[in-house]
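Asker: Kindly generate the corresponding structure for this input.
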Amino acid sequence: MFLVIVMATALICVVSGCQPQSTSQVYRIGLGPWIGFGPLYLAQEKGFFKEVGLNPELTIITGLAERNSALKSGKVDALAAPIDYFVLSAGNRLTTTTVMAIDESVGGDGIVAKKSIKTFQDLKGKKVAFQRGLPSEFFLRALLQKNGMSLDDLEPVDMETAQAGAAFIAGQVDAAVVWEPWLTRAKDQGNGYILASTKEYPNLIVDCLAFNQKVVEQSPEDVQKIVNVVLKAIAYWQKNPEESNKIMAPFFDVDATKYAAILTGVKFADLERNRQYFGTEGKPGPIFEVAKQASDIWLKAKVIQFPVTPQSIISTKFVNSASVSQAN
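Answerer: I've put the predicted structure just below:
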């Protein structure tokens, strides 16, 4: 009887085609519509995640409330966002573990303004659009502080980045704090110019990958695999930029040529840069200084409840244990 069942099952498989069950582990990763997150899409499209038995779901999450809700409810296992966001969330008792840097903004974020606005002092009393709780607010607060000003000197307008860029183009606001590709669009179509960008102020916006602490505690091997895969995608881009740009560009509604041009404002963090940036447990790197600065700025703005210690939200072990397999 047993033999008959086995033979019948085999016959059904021959006739209908049996597919093996997928054993890929699903991880839900939230990310914003920022060009610097291209390597995540590249890794997905090239099959690098599947090679290590993982199946990530990449989900666009734009607003601060949406990010917080997704993390708190467990709808995402990880989030790609600037380190200042992870400081902000930790300061409101929603702590994650930052495991790697993906990119650094070196001109990809900035403030576009009407040509009549020559200095930061000229922003006083003007309508300035930006998205609360995101890099736009952090970047604006940091530069206002450097110029002896605060948000109280402006007429703040809270808008999502795309809306802020569109509002500037339409002449509805005097300035907007946006990131690419909206920075270029706003400048070219809004008869304005870039008042300031991360080209002049690097090390302010560093985009990282952070996981829910539960995932890090329960599945550190998978976290390490994801770090390795993203680094592999960055290494692949370094060797094959033209092909990689063609793969990544459609996810940001631009063509490959435009994407390549915009990428001049972004520096992907390869393995060497990650190790420099994170340092070691005994000798922390610059990412800890950026997190400390973010804590100071958010605390002064009274949007976090207490200072955030960088060591409480950053782990150095994953970049120091990382290995990047060859990707030709």
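
Asker: Which elements pack onto whichever helix or strand T59 is part of?
Answerer: Assigned by DSSP states H and E, T59 falls within strand 54-60. Strand 54-60 is packed against strand 25-31, helix 38-45, helix 220-239, with contacts defined by 3 or more C-beta pairs under 8 Å, 6 or more residues apart in numbering; DSSP states H and E. No exception for glycine: its C-beta is placed from N, CA and C like everyone else's.

Asker: With respect to the ones you listed, which exhibits the lowest mean confidence?
Answerer: Of all the helices and strands packed on strand 54-60, mean pLDDT reaches its minimum on strand 25-31 (a mean of 94).

Asker: Give me the buried positions along stretch 124-142.
Answerer: 126-131, 133-142 (16 or more other C-beta atoms under 10 Å).

Asker: In strands, which of the residues you listed fall?
Answerer: Judged by DSSP state E, the subset of these located in strands is 127-130.

Asker: where does L3 land on pLDDT?
Answerer: 38.

Asker: er, L134 I mean
Answerer: At L134, pLDDT is 83.

Asker: got the contact list for the nearest residue to it once chain neighbours are set aside?
Answerer: With C-beta to C-beta, 6 or more residues apart in numbering as the criterion, L134 has its nearest non-adjacent residue at 6.3 Å, and that residue is L64. Listed by C-beta atoms under 8 Å, 6 or more residues apart in numbering, the contact set of L64 reads 85, 88, 131-134.

Asker: Any chance of those in CSV with distance to K146 as columns?
Answerer: Formatted as CSV, the contacts of L64 follow (distance: C-beta to C-beta, whole Å):
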residue, distance to K146
Y85, 21
L88, 19
Q131, 21
R132, 20
G133, 20
L134, 19
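
Asker: Nearest to E217 among the residues you listed?
Answerer: Y85 (21.4 Å; C-beta to C-beta).

Asker: any idea how far the closest one is from T119?
Answerer: Separation of Y85 from T119 (C-beta to C-beta, to the nearest Å) stands at 29 Å.

Asker: These two - which one has more neighbours?
Answerer: Higher neighbour count among Y85 and T119: Y85, with 25 against 10, using other C-beta atoms under 10 Å.

Asker: Which neighbouring elements make contact with the helix or strand harbouring that one?
Answerer: Element membership for Y85 (DSSP H and E) is helix 83-90. Applying 3+ C-beta pairs under 8 Å, 6+ apart, we find helix 83-90 packed against helix 64-73, strand 96-105, helix 135-146, strand 206-212, helix 286-300.

Asker: Can you give the contact residues for it?
Answerer: Counting by C-beta under 8 Å, 6+ apart, 64, 67-68, 71, 79, 95-96, 98, 133-135, 138, 205-208, 210, 287, 290-291, 294-295, 297-298, 303-304, 308, 310, 312-314 sit against helix 83-90.

Asker: shaky segments in the chain?
Answerer: For the chain, the stretches with pLDDT under 70 are 1-23, 326-328.

Asker: Domains in it, by residue range?
Answerer: Split into domains by automatic domain parsing, the chain comes to 25-106+204-320, 109-197.

Asker: The first one: how far from the chain's middle?
Answerer: Looking back up the chat, that one is domain 25-106+204-320. From the chain centre to the centre of domain 25-106+204-320 is a distance of 5 Å (C-alpha atoms, centre = their mean, to the nearest Å).

Asker: circling back: in the helix holding Y85, which of the residues would be classed as buried?
Answerer: 83-90.

Asker: Likewise for stretch 227-244?
Answerer: Within stretch 227-244, the residues that count as buried by 16+ other C-beta under 10 Å are 227-237, 240, 244.

Asker: got it, and stretch 280-288?
Answerer: Quick answer for stretch 280-288 (16+ other C-beta under 10 Å): 284-285, 287-288.

Asker: That one: end-to-end distance?
Answerer: 11 Å (C-alpha to C-alpha, to the nearest Å).
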